[in-house]
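Enquirer: The sequence and its predicted three-dimensional model are supplied below.
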Amino acid sequence: MAVKHFDTLIVGSGFASTFFLHEYLKWAPESERVVVLERGLINSATPGKNYAEAKGMPFHKTMINLNPSKVWVQRLGFGGGTCWTGNSPRMHPNDFRTASLYGRGDDWPFQYSELEPYYCDAEDLMGISGGESAVFPRSRPYPLPPHRLNGLDREFAKKYPGLHFAMPCARPSAPGSGRAVCCSNGVCESCPVAAKFQVDFHMRAVYADPRVTLITEANVVQLDIQNGQVVGALYESAGEEHRVTCDLAAVGAHGIMSPFILLKSGLTDPALGRYLNEQIAISVDVLLDGVKNYDGSTITTGYGAMKLDGEFRRDHPGFLVENWNLPWLRAERGRWQERGYFKLVFEELPQERNYVAISDVDPSKPAVNYVDNSDYGKTAFAMADSFVAELLSGMPVESYKVEVPETLDGEAHIQGTTRMGTDPATSVVDANQIHHKVRNLLCLGSGVFTTCPAANPTLTLSALSLRAARKLKGQASPV
Amino acid sequence: MAVSRRNILLAAGAAVVGVMTYTGFTAKPEAIVVSILQRRLGYLKVADDTFQKFAAEYILYKQKDAKRLQMLALIARPLRVVTPYSVLPQGHALRRLENDVVGRFLLATDFFQNGADEQRRLQYIGFFDPLERPCSNPVMRFANMESAS
Ligand SMILES: Cc1cc2nc3c(=O)[nH]c(=O)nc-3n(C[C@H](O)[C@H](O)[C@H](O)COP(=O)(O)OP(=O)(O)OC[C@H]3O[C@@H](n4cnc5c(N)ncnc54)[C@H](O)[C@@H]3O)c2cc1C
Ligand code: SF4
C-alpha cells in the first residue's frame, strides 16, 4: 500500500490534540495537510443512556498496571475524555513558581501571565461558566455567568469571604454557549442533554476542515525518527500495519500512551515516562444543622481557595475545596436536604520513581508503575482531620465523616511523563512543548505539566495546546 | 439418648440458622425497601401500591446489590418498627441504605416540587434516573431562580 505523506501528524483526538489543531489551522495555509490518528471509535449514539452504554475500549486493558492499588481511569475514543465532569479552574499564579516561593517542586518555564490570554481563549471555546475572583486575575470575563451556589457553599462563602466561589466549569449556567443549560442531572460522564462541553459533540467542525484527515481505529505504535527528526509513524488498524510520513508530529495520547509511543520510537531521555503524577483527595460527608442544601445549579457548585496557596506549602500541600451538589438526601423527617459532600483535592510533588515504561511481559503495552505518593503528599492524609476540623469550625454542622482512601486510588488525571522544563535531565520538552532534541516533535496534554497543582488539568492543558500551536506558527499571544 | 441442655441449645441454634437460611432464599429484596419506606415515610399520603412499585424499580436499578439486599430482607420486619440508624456511625452501610432509599423515593415523587408539604397527597412521577429522565432534579435551582423555601 502506498505510504501517504502529510505535513503534520497528530496522535489522538482529545482536548490536547483538538485544541492544538483548532489553533494550528488558523495559521496554516490552504494547502496544509494534517492527519489525525485516533485509536478509538466515534461514539455516534445520541446523548443519554445509549451514549453511556457505548463505552468503547476498556482503558485498564491497554496497560500493565504494576501497582493496582493505584487506579487509572480514562476513555479511549474520538474526543478523548468525553466522560470528564467539566470542572475547569485555572492554576493558581503561584503554582507556576513553587520552587522559588516555597522550595517545593520545580518552577514552570513561564509564569501565569504568559498563559493568561490562552486561558481566556480556551474558556471561550469551552463556554465556561464562572465569576470574577481576585485569586485568579483575568483579562477578560468568563463567557457565561457563574453557577448558583448551594446552601453549604453559602456557608463557606460567609466564613471565607472572597475565597469560596462558584466552580468554573464547562457546564452552561445560562444560554449563550450554543449548548443546553445544565440542569444538574449529575451524570456528567455522559450528559443526557449534551450541556457539558465535549470535543466529540462541540468541536466536530475542526475535523470537517478539508485540510484534516481523521483516521479512527488507528493505534499509533511508534514514530519513525531519523537523524533527530520525526519522518512518519507506524500504526495498526484492523490487525494490519500502516505507515504515514510527515514533516511535523504532535503527540496528544495522554500521559500514559504519549510517553509509551515515544519510548517505542527509541527516545531515551532520562525524564521520559517519569514523574507520573496526579492530585490526591479526601472526601467529607457532612450533616448540616438547619441548612437546606443541594439548591445549586450544577453537579459541583463550589470552589474553595482558602488553603490553596500560602507559606504553609513549604510544609504541606495546598488544596482546593470541590463542593458537590448531587442530591444525596438524608432519611430524617424534615431534614432531607441538611446534608452535603465535598472533596479536598491536594497538590502533589511529581517523583521520578513513578513511571511509564515498555512492559517486559507484553512490549505492545505500557507498564505503569506508580510506586507511592510523596512524603509531602502523604501529609495531606495525616493532617486530613485537622484540615477538615478547621474548615468546618464555627459552621452549622451537626457531624461529619472524613473519608481518606485506603488505597492509592485515583483522580482520573494523568500528568507528568513528558515534562516541560529547561533541563533535559529532568524534562522532555521545552517551554513551547517541543522535544529537547527532536525539534519537529511536540508533546501535548497534561503529560507536560512541570508540577502537579491542585487544579483539575483539562483547562490548563487545553490553553497550553493553543499556546503551543501559536508559538509554533510564530504568532504573538492573543489579546 | 438423653436430652441434654447442650443438645437443646444446638437444636435451637440449628433451627434458627435453618429458618434464616430458608428466609434468606425466599425473602424478596424489595421487602427491605418497603420496610424502610413504611417506617420513615408511612405518615405521607401515597397510593397503596406506591412503595411496592418504587421498591421493584429500586431493586432493578441496584441489580448489583440484589444479593446483599436479599440478605438484609431478613431484618425487614423488625426494621418496620425500629432502626439502629441514629446509633450507627455516620457512613455505616445501613445508614447509607436508609438515606438512599428514602432520598431516591422522595426524588421520584412531586414532594419537593410542592414545597415538601407532608399534608399533600404525593404523586409518584417515576424513578429518579437522570439518564432515563433528564432534568428532573427537584431540589436544584437554576442560577436565575429564587432560593429554595
Ligand atoms: C471520569 C472523569 C472525570 C474527569 N473530570 C475532569 C474534570 O472535571 N476536570 C478536568 O479538568 N479533567 C477531568 N478529567 C480529566 C480529563 O478527561 C483529561 O484531563 C483530558 O481528557 C485529557 O485530555 P488529553 O487530550 O490530554 O487526553 P485524552 O482526552 O485522554 O485524549 C487522548 C486521545 O488519544 C487517543 N490515543 C491514546 N493512545 C493512542 C494511540 N496509541 N494511537 C492513537 N490514539 C491514541 C485516545 O483514544 C484519546 O482520544 C476527568 C477524567 C475522567 C476519566
Ligand atoms: S450536571 Fe447534568 S446537565 Fe449538567 S453537565 Fe452534568 S449531566 Fe449535564
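Expert: Cool, got the structure. Ligands and ions are numbered 1, 2, ... in the order given.
Enquirer: where does the chain have low pLDDT?
Expert: Looking at chain A here, since you left the chain open. A:1 (pLDDT under 70).
Enquirer: actually it's chain B I care about, not the one you picked
Expert: In chain B (pLDDT under 70), the answer is B:1-3, B:8-9, B:12-26, B:146-149.
Enquirer: Indicate the residue of it located nearest to ligand 2.
Expert: For chain B, the residue positioned closest to ligand 2 under CB to the nearest ligand atom is B:P130, at a distance of 6.6 Å. For every residue, glycine as well, the C-beta is placed using N, CA and C.
Enquirer: Now for that residue, how many residues are close by?
Expert: A total of 22 residues lie near B:P130 under the criterion other CB atoms under 10 Å in any protein chain shown.
Enquirer: Tell me who's in contact with the closest residue to it other than its chain neighbours.
Expert: Nearest residue to B:P130 in three dimensions, chain neighbours excluded: A:N185, at 3.6 Å (CB to CB, 6 or more residues apart in numbering or on different chains). The contact partners of A:N185, by CB atoms under 8 Å, 6 or more residues apart in numbering or on different chains, come to A:191-193, A:299, B:130-131, B:134-135, B:137.
Enquirer: any idea which of those residues has the most stuff around it?
Expert: Busiest of the contacts of A:N185 [other CB under 10 Å] is A:C191, holding 31 neighbours.
Enquirer: Pull out the buried residues from the helix or strand A:Y207 falls within.
Expert: Using DSSP states H and E, A:Y207 sits in helix A:204-208. Residues of helix A:204-208 classed as buried by neighbour count (16 or more other CB atoms under 10 Å in any protein chain shown): A:206-207.
Enquirer: Wondering if the following helix or strand past that helix reaches ligand 1 at all.
Expert: Using DSSP H and E, the next helix or strand after helix A:204-208 towards the C-terminus is strand A:212-215. No - figure legend: strand A:212-215 not in contact with ligand 1 (CB under 6 Å from any ligand atom); closest approach 9.2 Å.
Enquirer: what secondary structure does A:V356 sit in?
Expert: strand (DSSP: H, G, I helix; E, B strand; the rest coil).
Enquirer: Extract the C-alpha set from the helix holding A:Y207 and format it as PDB.
Expert: Extracted C-alpha coordinates of helix A:204-208, given in PDB (Å, rounded to 0.1, in the frame of the first residue of the first chain):
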ATOM      1  CA  ARG A 204     -16.500  18.400  15.300                       C
ATOM      2  CA  ALA A 205     -16.200  21.400  13.000                       C
ATOM      3  CA  VAL A 206     -12.400  21.200  13.400                       C
ATOM      4  CA  TYR A 207     -12.400  17.800  11.800                       C
ATOM      5  CA  ALA A 208     -14.700  18.900   9.000                       C
END
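Enquirer: Residues contacting that helix, please?
Expert: By CB under 8 Å, 6+ apart, the residues outside helix A:204-208 that reach it are A:13, A:18, A:21-22, A:25, A:36, A:212, A:214.
Enquirer: Just the ones in strands from these, please.
Expert: Secondary structure from DSSP state E places A:36, A:212, A:214 of these in strands.
Enquirer: just curious, which of these is nearest to A:T422?
Expert: A:V36 (30.1 Å; CB to CB).
Enquirer: so that closest one bridges to which residues?
Expert: A:V36 has these beta-bridge partners by DSSP bridges: A:I10, A:L214.
Enquirer: ok, it - contacts?
Expert: Residues near A:V36 by CB under 8 Å, 6+ apart: A:10-13, A:17, A:21, A:207, A:212-215.
Enquirer: For A:I10, see how far away it is.
Expert: From A:V36 across to A:I10, the span is 5 Å (CB to CB, to the nearest Å).
Enquirer: Now do the shared contacts for these two.
Expert: Common neighbours of A:V36 and A:I10, using CB under 8 Å, 6+ apart, are A:17, A:21.
Enquirer: okay, now the residue in the stretch 301-450 of chain A that ligand 1 sits nearest to: neighbour count?
Expert: Going by CB to the nearest ligand atom, ligand 1 is nearest to A:G445 of the stretch 301-450 of chain A, at 3.0 Å. Counted with other CB under 10 Å, the neighbours of A:G445 add up to 33.
Enquirer: surely A:T458 meets A:F15?
Expert: Yes - counting by CB atoms under 8 Å, A:F15 is a contact partner of A:T458 at 5.5 Å.
Enquirer: Leaving out sequence neighbours, find the closest residue to A:V221.
Expert: A:L234 (4.9 Å).
Enquirer: tell me which residues form a beta bridge with the one you found?
Expert: A:Q222, A:R243.
Enquirer: Now for it: which residues touch it?
Expert: A:L234 neighbours (CB under 8 Å, 6+ apart): A:220-224, A:241-243.
Enquirer: Mind giving me the PyMOL select for these, buried ones only?
Expert: With 16+ other CB under 10 Å as the criterion, this PyMOL line picks the buried residues out of those:
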select buried, chain A and resi 220+221+222+223+224+242
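Enquirer: was I right about A:T450 contacting A:R419?
Expert: Yes - assessed by CB under 8 Å, A:T450 is found in contact with A:R419 at 5.9 Å.
Enquirer: Residues that sit against both of those two, list them.
Expert: Counting by CB under 8 Å, 6+ apart, the residues touching both A:T450 and A:R419 are A:S427.
Enquirer: just to revisit the earlier point, just the buried members of the contacts of A:V36?
Expert: When neighbours are counted using 16+ other CB under 10 Å, the contacts of A:V36 contain these buried positions: A:10-13, A:17, A:21, A:207, A:212, A:214.
Enquirer: helix, strand or coil for residue 57?
Expert: Picking chain A for this. Here A:M57 is recorded as coil under three-state DSSP.
Enquirer: residues near the closest residue in space to it that isn't next to it in sequence, how many?
Expert: Excluding the flanking residues, the one nearest A:M57 by CB to CB, 6+ apart is A:L76, at 4.6 Å. A:L76: 23 surrounding residues under other CB under 10 Å.
Enquirer: for A:L76, helix, strand, or coil?
Expert: coil.
Enquirer: I'd say it and A:H60 touch.
Expert: No - checked against CB under 8 Å, the pair A:L76 and A:H60 is beyond contact range at 10.8 Å.
Enquirer: so how far is ligand 2 from A:G334?
Expert: A:G334 sits 27 Å away from ligand 2, going by CB to the nearest ligand atom, to the nearest Å.
Enquirer: and that residue, which of the three is it?
Expert: The local conformation at A:G334, judged by three-state DSSP, is coil.
Enquirer: Would you confirm that A:D362 contacts A:I64?
Expert: Yes - if you go by CB under 8 Å, A:D362 and A:I64 touch, sitting 6.3 Å apart.
Enquirer: ok so A:V286 is a strand residue?
Expert: Yes - the assignment for A:V286 by three-state DSSP puts it in a strand.
Enquirer: returning to what we had before: out of the ones in strands among the contacts of helix A:204-208, flag the one nearest to B:V34.
Expert: B:V34 has its nearest neighbour among those in A:L214, at 52.7 Å by CB to CB.
Enquirer: can I assume that closest one is in contact with A:V34?
Expert: No - here A:L214 lies out of contact with A:V34, judged by CB under 8 Å, at a distance of 9.3 Å.
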